[in-house]
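Asks: please find the sequence and the predicted model below.
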Amino acid sequence: MMRFPQSIRWRLQIWYGALLLAVLAAFGFTAFHLEKARNLRRIDEGLHERISLLVDALRAAPEHGPERGQERGPEKRPPPEVHLTSAQAAQFDERAGYYFVIWMQGSQPIAASAHAPAGVPKPDGHDSVARMRGDFRESFLFAAPVNCVLVGRSIAGEQSDLRRFAAVLATVGAGVLLAGLGGGWWLTTRAIRPVEEISATAARIAAGDLSQRIRTAGTDSELGRLALVLNSTFARLEGSFGQQARFTADAAHDLRTPVSVILTQIQSALARERPAAEYRETLEACQRATQRMRRLIESLLELARLDAGEEPLCRSACDLATIAGEGIELLRPLAAARGILFLTDLSPAACQGDPERLAQVVTNLLSNAIDYNRDVGEVRISTHGQNGMAELVVRDTGIGIPAEELPHIFTRFHRANKARTGGHTGLGLAIAQAIVQAHGGAIQAASEPGKGATFTVRLVA
């Protein structure tokens, strides 16, 4: 169980929740202020309409000037009268909710609607503006023939509606946030589950159960493809461990046989006094067993070095035809002893490689072709180069390889014909394959039981 600060799931959830909260808060703030601005704009339009109505009524009213001979001055001018029709007056009654107040030069109003609030302060300034005064929204205008006209109304209902709207936004936002967090947790859980399965499977494999594999419900996602790659890696790992276990068991078995022979011969020689000839036979048997052990140990060491990449390859330009010809001459006496004929078609096949190692490949293939051939048989060896590749083909007329054994002939210690080991360790073809693969090439085998086998080596020219 991962600790909270180190949990990828929780980190994703926190980032997702913070982002969702920021988006919802921004949306709610914007929606609230847009609604508030829309309401104020609507209210202000109603206020401005009524200011225009009052100004028009004041300008249309007859002006009462001073009597003849009296001096005319602003302080002597009587206040204008407000003449409103019944329809206009209805817009300022208590049901409509609007009120007005009119000022001349002083701070005391000269006219006001019947239900105007007491003590409405006179605005300052000379432009048409609007103001908030508690729960009242008021708009005013400085214009002739009076000093200031103000129209207002109570917006307590609108303020209450805005508060309810804010509550609705908060409730909906909280619901969306909770739903988003729940969905985010579900999504992050699904996203992290393959990682947890990979970790759990790797832990079981590390504990020794190499058969474990990651469940891959879908392979289209990145994690699905990663699971496929890891499963393939685990399969190769299991195969490598299995091969190593079989290799160790086979090596122990092959080494046990000559060791048993040596021990048996020595125990028999020490059991009683024997003639010199018998001691000589015992020593010769021990020598043969020891030579077999040496060949096996040398092959094992060579394979180990090849697997570890510690076997240096002295690459140079060489010709498979020349290497094959030298191998044929080396093994011709062994073939002649059984009446086996070498048939050659050695065309130039230039390549880059280590001549000594490639000669070892040729020798192993020719030795198998002789050992598993029938008496008075044939071995056909051909080389040629084409399409940037150098190719060597060795074909015999021997006992062949059963179809079920063919996929395993390059496996270490595998012997296709258990009845005829011929002193072989079962590592010759494995060594040949390792050398060819170290050169970046490939070796293949084909066979038809009773009609011989064909081995093909391809190297980059």
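Replies: Looks like it came in fine. In this text the structure is predicted, and so the values were computed from the model without any measurement.

Asks: show me what the longest helix seen in the chain is packed against.
Replies: Counting by DSSP state H, the longest helix found in the chain is helix 8-60. With contacts defined as 3 or more C-beta pairs under 8 Å, 6 or more residues apart in numbering; DSSP states H and E, helix 8-60 has these neighbours: strand 98-103, strand 129-133, strand 136-141, strand 148-154, helix 156-206. Using the backbone N, CA and C atoms, a C-beta is placed for each residue, glycine as well.

Asks: can you tell me which of these comes nearest to Arg59?
Replies: strand 148-154 (11.0 Å; C-beta to C-beta).

Asks: residue boundaries of the strands in the stretch 351-461 of the chain?
Replies: Here the stretch 351-461 of the chain has its strands, by DSSP state E, counting those that start in this stretch, at 378-386, 389-396, 442-447, 453-460.

Asks: quick one: the closest residue to Gly388 other than its chain neighbours from Asp345, how far?
Replies: Nearest non-adjacent residue to Gly388, counting by C-beta to C-beta, 6 or more residues apart in numbering: Ala461, 5.1 Å away. According to C-beta to C-beta, to the nearest Å, Ala461 stands 18 Å off from Asp345.

Asks: swap in Phe100?
Replies: For Phe100, the distance to Asp345 (C-beta to C-beta) stands at 120 Å.

Asks: go on, Arg315?
Replies: The gap separating Arg315 from Asp345 is 26 Å, by C-beta to C-beta.

Asks: same question for Glu197.
Replies: 57 Å.

Asks: the two: which is more packed in?
Replies: Counted by other C-beta atoms under 10 Å, Glu197 and Asp345 do not tie: Glu197 has more neighbours, with 16 against 11.

Asks: hang on, the more buried one packs against Ile214?
Replies: Yes - applying C-beta atoms under 8 Å as the test, Glu197 and Ile214 come out as touching, 5.6 Å apart.

Asks: how about CSV for the strands of the stretch 351-461 of the chain, with mean neighbour count and distance to Gln265 added?
Replies: CSV is the format used below for the strands of the stretch 351-461 of the chain (neighbours: other C-beta atoms under 10 Å; distance: least, C-beta to C-beta, whole Å):
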stretch, mean neighbour count, distance to Gln265
strand 378-386, 19, 37
strand 389-396, 22, 36
strand 442-447, 16, 38
strand 453-460, 20, 36
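
Asks: that older thread, so what's in contact with Glu197 and Ile214 at the same time?
Replies: Both Glu197 and Ile214 are contacted by Ala227, under the criterion C-beta atoms under 8 Å, 6 or more residues apart in numbering.

Asks: phi first, then psi, for Glu329.
Replies: In terms of degrees, to the nearest 10, the main-chain angles of Glu329 are phi -60, psi -30.

Asks: count the residues that sit near it.
Replies: So Glu329, with other C-beta under 10 Å, has 10 neighbours.

Asks: pLDDT at it, what is it?
Replies: For Glu329, the pLDDT comes out at 92.

Asks: need the contact list for it.
Replies: With contact set as C-beta under 8 Å, 6+ apart, Glu329 has no partners.

Asks: quick one: it and Ala369, what's the gap?
Replies: 15 Å.

Asks: go on, Ala118?
Replies: According to C-beta to C-beta, Ala118 stands 124 Å off from Ala369.

Asks: what do you get for Gly327?
Replies: Distance of Gly327 to Ala369, computed by C-beta to C-beta: 11 Å.

Asks: which residue of those two possesses the greater neighbour count?
Replies: Neighbours per residue (other C-beta under 10 Å) separate Gly327 from Ala369, with Ala369 holding more: 27 against 24.

Asks: wait, that one touches Gly398, no?
Replies: Yes - if you go by C-beta under 8 Å, Ala369 and Gly398 touch, sitting 7.0 Å apart.

Asks: low-confidence ranges, the stretch 201-350 of the chain, go.
Replies: Flagging of the stretch 201-350 of the chain using pLDDT under 70 yields the residue ranges 216-221, 223, 243, 246-247, 249-251, 253-254, 307-311.
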